[in-house]
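S.K.: From the sequence below, what's the structure:
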Amino acid sequence: MNFQTTEHQKHTPWNKGKLVGQKLPLKLKEIWAIRVRLQLTHCIRDLALFNLAIDSKLRSCDLLKLRVRDISHGSTVLRRAMVMQQKTHQPVQFEITEQTRDSISKLIKQAELKFDDYLFKSRLKTSPHISTRQYARIVENWVKDIGLDPSEYGTHSMRRTKATLIYRRTHNLRAVQLLLGHTKLESTVRYLGIEVDDALEISELTDC
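M.R.: Modelled structure (predicted):
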């Protein structure tokens, strides 16, 4: 009996006391708040990581395993890149905007990265690149620094941000599906949470 009590006490649920659910995407003003803060503090690696996370819309596992060769040709950072997704084993393409290309170029130069090097090397000797846990802590610091509640945001916020902005501007679900690398449109609908959001938006515009 005592043994069972001890085991129960030791196995505390992982989500106890935590807000569980889909993480919020960043708004445009929040993107710029983080970006400007990173520019002002000269965090070259973090700025490149943030910009590429927003542009690529990749899952953490795919983003952190990017190598220099995946996004550049010689010394030139590509405008578009393609990677094979670890989860779906399907290729996905993404754009690399000018400001992201600029921040990546500065990172490659500062860190003296070679063609086969990981873009986001870990400062720990036990890992060749930033781990998903490290990345989660970095994202947590980003959102805390601009006054957001870190329990409402996470690494998936980075993946959802640009996809959500694109959908809000175009309402083109198929385009967002392709950009996120989803095999089913239903997955994109669930991921964006657009059914609920759109229903509320319509309701707000309807006077009774």
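S.K.: which residues in the protein form helices?
M.R.: With DSSP state H as the criterion, the chain has helices at 2-10, 28-40, 44-56, 60-63, 68-71, 98-111, 132-145, 155-170, 173-180, 185-192, 194-204.
S.K.: most packed of those helices?
M.R.: Most buried of the helices of the chain, by mean neighbour count (mean count of other Cβ atoms under 10 Å): helix 44-56, with a mean of 23. For the C-beta atoms, the positions are set from N, CA and C on the backbone; glycine is no exception.
S.K.: which other residues reach that helix?
M.R.: Contact with helix 44-56 is made by 26, 31, 34-35, 38-39, 62-63, 66, 71, 81, 94-97, 99-100, 103-104, 106-107, 110-111, 119-120, 130, 135, 138, 142, 155, 158-159, 161-162, as judged by Cβ atoms under 8 Å, 6 or more residues apart in numbering.
S.K.: the inter-axis angle of that helix versus helix 98-111?
M.R.: Calculated by axes from the mean of the first three to the mean of the last three Cα atoms, to 10 degrees, helix 44-56 forms an angle of 150 degrees with helix 98-111.
S.K.: picking up where we left off before, I'd like to know which of the helices of the chain is closest to Lys87.
M.R.: Lys87 lies closest to helix 60-63 among the helices of the chain, at 7.2 Å (Cβ to Cβ).
S.K.: Let me see the mean pLDDT of that closest one.
M.R.: Here helix 60-63 scores 95 as its mean pLDDT.
S.K.: Return the list of helices and strands in contact with it.
M.R.: With contacts taken as 3 or more Cβ pairs under 8 Å, 6 or more residues apart in numbering; DSSP states H and E, helix 60-63 sits against helix 44-56, helix 132-145, helix 155-170.
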